[in-house]
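Visitor: here are the coordinates; sequence isn't available:
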C-alpha cells in the first residue's frame, strides 16, 4: 500500500515521467522515508512503555549481588530497555557498584546500553532487512556479555578509583508512582524526543540509498575493505573506536559503506566500535576508572568486536 | 522547602534548573533551589540518571525526557504542605 502511495505521489501528483532514474529514486526515497519513520515511531513508542517499567533504579536492584554469567546476561538484556545516556554513565556506575552489582556485570550493562538499542535495530531493519537487525542485536548482546565476563574474571576492582567504594548513598526516597496514563505520556514524549534527534540522520541515510546509489563505482571499497582483505575489520574498528556517535548518526555512514561494497561483518564491527567506544565516554569514565582499567576495557572491547567482524565475514 | 537539581552540566541539566526556578517563582512558594554538579554527590543522592530533581529529600524525577513545567509545578506542590 505504501509503495502504491509513493508511486502515486511521484508519478501522478508531481507529474513526473514514470520509469526514469529520477522518478524511480524519488519513489524509493518517499517509500523508505515513510516506512522507516512509521517503524521508528511505533517501535520506540512500544519500547518506551517497556522502559518505563525498568528505570535504572529497578535495574540496579535486579542486578545487585547477582552471580556472574547470569548477571552478565541479565545486564546486557536490561541494557536494551533501561534508558541511558553517556552523561549519566558516572552516577550510574557509582550507584551500581555501591548497590553491590559485580564489576563485570556493571560493564555488561555499560556496553550493551549505548550499543544495542531500539533505534539501531529499527534502522538496520528498515534499511537492510530484519535478518541484519537480528544479527546486530544478537552479536551486540554477545559482545556485552563476553567483555563483561572477561572483566569480571580478571578481578579488576582495584583499578576502580578508591573514592567510588567510599560513597554511601543517602538513598533519597523515590516518591513518584506512575499510572499507565503516565507511562503513555512518557512514551509519547520519549518517542518525539528521539525522532526529533534522529530524523536528519535517517533522511541522509535514505538519501544515500536513493540518490548516491549508482554514482560511485560499486566496488570502490571492495578493494580496500572487502572480505578478501584480512585487515579490513581491524582497520574499520580502529577508525570507529575514537569516533563518537549514537546509533542513528552512524547509520548514514554505514549505509554508504555497504553500498560501496564493504562486507557485512566489517560494517557491523565498525558500527559497534563507533557506538560502544568513544573518546568522550572514556573521558567521562576516567572519573571512576583508573587508566589501567580503561585501557583493559578498550582492549577487550576492540578484540571482541574484531572477532565478531571476522566471524560474520566468514559466514555471511 | 529545599529543591535540588542534580546534573553534571549538560544542556538538559540547565533546562531542569530553569524549570525548577520558574516553577518556584510561578507557584510563589518559599524554596531554595540548589544546583549539584559534583558527580560523587549526585550519586550519593541516589540519582542514577541525570538530570535529577529532589524536593525535600525525595527523588521526584530523574533522567530524560524532562518533565513539563506543569509537571514540575505539580511535583513541587506535592511537597509544599
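Guide: Ah, there it is. This structure is a prediction, so every number in the text was calculated from the model and none was measured.
Visitor: For residue A:14, which non-adjacent residue is spatially closest?
Guide: residue A:26 (7.6 Å; Cβ to Cβ, 6 or more residues apart in numbering or on different chains). Quick note: C-beta positions are derived from backbone N, CA and C, even for glycine.
Visitor: neighbours of residue A:40, just the number please.
Guide: 23 (other Cβ atoms under 10 Å in any protein chain shown).
Visitor: What about residue 26, how many residues nearby?
Guide: All of this is about chain A. 19.
Visitor: let's do chain B instead
Guide: Residues near residue B:26, counting by other Cβ under 10 Å, number 12.
Visitor: Now do the helices in the stretch 151-300 of chain A.
Guide: Using DSSP state H, counting those that start in this stretch, the helices of the stretch 151-300 of chain A run over A:162-166, A:180-207, A:222-225, A:232-240, A:247-259, A:264-276, A:279-285, A:291-315.
Visitor: Relative to residue A:87, which of the ones you listed is closest?
Guide: Closest approach to residue A:87 among these is made by helix A:279-285 (7.3 Å; Cβ to Cβ).
Visitor: Provide the secondary structure category for residue 50.
Guide: Let's take chain A. Per DSSP: H, G, I helix; E, B strand; the rest coil, the local secondary structure of residue A:50 is helix.
Visitor: You answered for a different chain; I wanted chain B.
Guide: Secondary structure, three-state DSSP: residue B:50 is coil.
Visitor: Could you give the separation of stretch A:155-168 from the chain centroid?
Guide: 28 Å (Cα atoms, centre = their mean, to the nearest Å).
Visitor: And for stretch A:263-281?
Guide: Distance of stretch A:263-281 from its chain centroid, counting by Cα atoms, centre = their mean, is 9 Å.
Visitor: Over to stretch A:131-140?
Guide: 11 Å.
Visitor: List the buried residues of that stretch.
Guide: If you call a residue buried by 16 or more other Cβ atoms under 10 Å in any protein chain shown, then stretch A:131-140 has these buried ones: A:132-133, A:135-137, A:139-140.
Visitor: Quick one: residues in contact with that stretch.
Guide: Under the contact criterion Cβ atoms under 8 Å, 6 or more residues apart in numbering or on different chains, stretch A:131-140 has outside partners A:112, A:115-116, A:120-122, A:124-125, A:264, A:268, A:271-272, A:308, A:311-312.
Visitor: of all those residues, which comes closest to chain B?
Guide: residue A:112 (15.6 Å; Cβ to the nearest Cβ).
Visitor: And for that closest one, nearest residue in space, chain neighbours not counted?
Guide: With Cβ to Cβ, 6+ apart as the criterion, residue A:112 has its nearest non-adjacent residue at 3.0 Å, and that residue is residue A:79.
Visitor: Quick check: which element contains the one you found?
Guide: If you go by DSSP states H and E, residue A:79 is part of helix A:70-81.
Visitor: right, and the helix or strand after that helix?
Guide: Where DSSP H and E defines the elements, the next helix or strand beyond helix A:70-81 is helix A:89-98.
Visitor: What residues of that next one count as buried?
Guide: A:89-98.
Visitor: remind me which residues of chain B are low pLDDT?
Guide: Applying pLDDT under 70 to chain B flags the ranges B:81.
Visitor: Tell me where it has strands.
Guide: For chain B, strands defined by DSSP state E occupy the ranges B:2-6, B:32-36, B:52-55, B:58-62.
Visitor: quick one, which of those strands is nearest to residue B:79?
Guide: Nearest to residue B:79, of the strands of chain B and by Cβ to Cβ, is strand B:52-55 at 4.6 Å.
Visitor: re the thing from before, could you point out which of the strands of chain B sits nearest chain A?
Guide: Of all these, it is strand B:58-62 that lies closest to chain A, at 4.1 Å by Cβ to the nearest Cβ.
Visitor: quick revisit: other SSEs contacting the helix holding residue A:79?
Guide: Judged by 3 or more Cβ pairs under 8 Å, 6 or more residues apart in numbering or on different chains; DSSP states H and E, helix A:70-81 is in contact with helix A:21-52, helix A:56-63, helix A:103-115, helix A:130-153.
Visitor: Does stretch B:53-68 reach chain A?
Guide: Yes - Stretch B:53-68 reaches chain A (Cβ under 8 Å from any Cβ of the partner chain) through B:54, B:57-65.
Visitor: can you tell me which residues contact the nearest residue to residue B:26 once chain neighbours are set aside?
Guide: Among residues not flanking residue B:26 along the chain, residue B:73 sits closest, at 6.7 Å (Cβ to Cβ, 6+ apart). By Cβ under 8 Å, 6+ apart, the residues touching residue B:73 are B:23, B:26-27.
Visitor: Residue B:27 too?
Guide: Taking Cβ under 8 Å, 6+ apart as the test, what residue B:27 contacts is B:73, B:76-77, B:80.
Visitor: closest to chain A among the residues you listed?
Guide: Nearest to chain A among the contacts of residue B:27, counting by Cβ to the nearest Cβ, is residue B:76 at 11.8 Å.
Visitor: my read: the closest one touches residue B:1, true?
Guide: Yes - counting by Cβ atoms under 8 Å, residue B:76 touches residue B:1, with 7.5 Å between them.
Visitor: quick one, which of those two is more surrounded?
Guide: More crowded of residue B:76 and residue B:1, by other Cβ under 10 Å: residue B:76, with 23 against 14.
Visitor: ok, now which ones touch the more buried one?
Guide: Counting by Cβ under 8 Å, 6+ apart, residue B:76 makes contact with B:1, B:3, B:20, B:23-24, B:27, B:29, B:31, B:55, B:60.
Visitor: Any of the residues you listed buried? List them.
Guide: Neighbour-count burial (16+ other Cβ under 10 Å) is assigned, among the contacts of residue B:76, to B:3, B:20, B:23-24, B:31, B:55, B:60.
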